[in-house]
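Trainee: One predicted model, sequence on top.
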Amino acid sequence: MFELIPFDRRGSRVSVYDPFRMFDEMERNFFGGNNHAAMTAFRTDVTDTGDAFVLDAELPGFKKEDIKIDVENDCLTISAERKLDEEEKQKNFIKRERFYGSYSRSFDVSGVNVDGIEAEYTDGILKLTMPKKVETVPASRRLEIK
């Protein structure tokens with residue numbers, strides 16, 4: 001059937017308008033080629049508010065219970081796991097595009113007061129407010145000359 005199309009999606013024939021090219025490129029950009037390696041991370045924005053860092057992580061479709069935040073040795077790790085439930089395993093799918101698996105990302109928090117980190121999860125966005133460590137300035141004093 002694909003031989004009846006007047007252009008080749010692999011690019012071996014004369015280049016003509018390909019209405020499917022946009023969809024192929026979108027799929028490649030979204031999935032990172034033919035593998036799901038791009039799906040093992042998630043996008044984040046980190047902003048500096050002066051006295052704290054705010055990290056916003058995109059985790060759509062997750063329940064709050066599926067997300068874990070661990071801090072160990074100045075390393076903050078956000079992980080989330082989406083599991084396939086038994087009811088979905090029984091369906092006879094024609095095509096399946098939703099990804100199930102685990103996501104994980106780690107961040108250096110050496111400049112953060114880890115005891116003061118606050119987390120909230122709303123509408124698929126995990127927001128971490130991480131107060132900066134207060135720099136201790138060594139006390140200065142004047143020595144008397146004897």
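Mentor: Received the coordinates, thanks.
Trainee: Counting neighbours, what do you get for the closest residue to residue 109 other than its chain neighbours?
Mentor: Once flanking residues are discounted, residue 109 sits nearest to residue 76: 4.6 Å by C-beta to C-beta, 6 or more residues apart in numbering. (C-beta placed from N, C-alpha, C; glycine too.) Neighbour count of residue 76, defined by other C-beta atoms under 10 Å: 19.
Trainee: ok, residue 76 - contacts?
Mentor: Taking C-beta atoms under 8 Å, 6 or more residues apart in numbering as the definition of contact, the neighbours of residue 76 are 69-70, 106-109, 112, 114, 117, 128, 130.
Trainee: Using JSON lines, lay out those together with pLDDT.
Mentor: Shown next, in JSON lines, are the contacts of residue 76 (pLDDT from 0 to 100):
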{"residue": "69", "pLDDT": "96"}
{"residue": "70", "pLDDT": "95"}
{"residue": "106", "pLDDT": "91"}
{"residue": "107", "pLDDT": "92"}
{"residue": "108", "pLDDT": "91"}
{"residue": "109", "pLDDT": "92"}
{"residue": "112", "pLDDT": "93"}
{"residue": "114", "pLDDT": "92"}
{"residue": "117", "pLDDT": "95"}
{"residue": "128", "pLDDT": "96"}
{"residue": "130", "pLDDT": "95"}
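Trainee: Please indicate which of those residues are buried?
Mentor: 107, 109, 112, 117, 128, 130 (16 or more other C-beta atoms under 10 Å).
Trainee: Pick out the most distant pair among the residues you listed.
Mentor: 107 and 117 (11.0 Å; C-beta to C-beta).
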